[in-house]
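*Asks:* sequence and predicted structure, then a few things I'm wondering about:
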Amino acid sequence: MSNVLDIPEVRAAAVRLTPAQYHRLYEMGVLPEKTELLSGIVIEKMPKSPLHTWMVLFLQKWLIATVGNGFQVRKEDPLTLYDSEPEPDISVVAGTPDDFRLQHPSSAKLVIEVALNSEGMDRQKAEIYAAAGIEEYWMVLPSSKAIEVFRDCSDGRYQSCIRFDEASTLSPLLAPHSPLPIGELFANTTA
C-alpha cells in the first residue's frame, strides 16, 4: 500500500506549516514532542538505537574538542529555517548559548545526520540545508562505513558531494587542520 503523500495531487494540496505555526501548535499541545518540521510538513522522529546514540556522542565530543571559541556544538537541537525546523543530530553554530535564549539558530556552519535507518529522509534534508545556505552537511552512513560530505553551497544547492570511507580522514571547513579518523567512528560497530 502506498503512502498518501506519494500521490502528487495530495502532496500539492497538503497544508504546509510555517515554523511559527508549528511552534504555536506545539505550545497548544496539538503536536507530539518527538516531531520536526521539514519543508512545511510535520514529521515524527524515529527512535534512536544505541549505535546511533553512541555515534552522535562520539562526533559531538570530537567536535567540541575541535572547534574554537565562538561556536556551539548542539546535539539534536532545532534550527529554525525558512519552512523547516529540523533537529539535526549535530549542528555547529556560531555564537554563545545566550544568543539562542529566545530563538533557535537560523543557520549553522556544519550539520551532521547519522543515517542508520533514515538515509532517504537524511538525503532529503540535504536539500533543506542547502536551501538554508548551510555551508557543510555530513551524512554518516554506518551501513557502508562511510561519510558523504556536501559542500560548495550555491543557489540553494550543494555543488559537491564527496564520499569518505573508513580508511580516510575528514576535516570540517571550520577546522581544516583537525582531521577526524573516520575508522575510529566505525570501529567495533555493526550497522
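*Replies:* That came through fine.

*Asks:* residues contacting Asp89?
*Replies:* Asp89 makes contact with 52, 56, 59, 75-76, 112-114 under the criterion Cβ atoms under 8 Å, 6 or more residues apart in numbering. For the C-beta atoms, the positions are set from N, CA and C on the backbone; glycine is no exception.

*Asks:* show the pLDDT at it.
*Replies:* As predicted, Asp89 sits at a pLDDT of 97.

*Asks:* next one: phi and psi at it?
*Replies:* The phi/psi pair for Asp89 (degrees, to the nearest 10) reads phi -50, psi -40.

*Asks:* tell me how far it lies from Leu25.
*Replies:* 24 Å (Cβ to Cβ, to the nearest Å).

*Asks:* and what of Val67?
*Replies:* Counting by Cβ to Cβ, the gap from Val67 to Leu25 is 34 Å.

*Asks:* which one of the two has more residues nearby?
*Replies:* Shown here are Val67 and Leu25; by other Cβ atoms under 10 Å, Val67 has more neighbours (19 against 15).

*Asks:* residue contacts, the more buried one?
*Replies:* The neighbours of Val67, taking Cβ under 8 Å, 6+ apart as the test, are 73, 92, 172, 174-175.

*Asks:* of these, just say which sits nearest to Tyr82.
*Replies:* For the contacts of Val67, the residue nearest Tyr82 by Cβ to Cβ is Val92; the value is 19.9 Å.

*Asks:* which residues pair with that closest one across the strands?
*Replies:* Counting by DSSP bridges, Val92 forms beta bridges with Val73, Leu110.

*Asks:* pLDDT wise, what is Ala68 at?
*Replies:* Careful, residue 68 is Gly; it's not Ala. On the pLDDT scale, Gly68 gets 81.

*Asks:* list the buried residues of the longest helix seen in the chain.
*Replies:* Looking across the chain with DSSP state H, the single longest helix is helix 50-66. If you call a residue buried by 16 or more other Cβ atoms under 10 Å, then helix 50-66 has these buried ones: 52, 55-56, 58-60, 62-63, 66.
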